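K.L.:
structure of the sequence below:
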Amino acid sequence: MAFRSQAKDKITSLQPPQSIDAERAVLGAVLKNSEAINRVIEIIQDRRDFYTPKHQLIFKSVVDLYDRAEPVDITTVGDDLQKNGLLDKIGGSVYLVELVEQVASTANVAAYANIVLERGVLRR
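P.N.:
Numbering: from 1, shown residues only. Next up, the predicted model:
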């Protein structure tokens, strides 16, 4: 039994630095509260700070909408992803809804964004 535990610990330690929970929290907060994007953009400027490819796609859509001065919310991001043929790649509208539903509060979005940034820097 000890061998299996050690093997699992070793495999886990080989994974690149990441925090999928923090990534989901950042994206959910941005989709839930359009003002959260202002705090996130100050911290994360590179979509590659997100480890998960589908999170990178969602963040790119968020930034593209923000740069065009368009509203950023679950509907506009879903529509943007659909127009670009990417909605299915991220898990569809259902995944966007899951991101929003997981967020109890957007108050800590800056802290979550800092975690995403830190892990992205460590990977690079």
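
K.L.:
just the strands from the chain, written as ranges.
P.N.:
Along the chain, counting by DSSP state E, no stretch forms strands.

K.L.:
quick one: pLDDT of Lys8?
P.N.:
Lys8 is assigned a pLDDT of 57 by the prediction.

K.L.:
correction: the previous question concerned Ser13.
P.N.:
On the pLDDT scale, Ser13 gets 65.

K.L.:
next: Glu35.
P.N.:
The predicted structure scores Glu35 at 92 on the pLDDT scale.

K.L.:
residues in contact with the closest residue to it other than its chain neighbours?
P.N.:
Taking CB to CB, 6 or more residues apart in numbering as the measure, Glu35 lies nearest to Thr106, with 7.8 Å between them; neighbours along the chain are not counted. No exception for glycine: its C-beta is placed from N, CA and C like everyone else's. For Thr106, the residues meeting the contact criterion (CB atoms under 8 Å, 6 or more residues apart in numbering) are Ala29, Lys32, Asn33, Glu35, Ala36.
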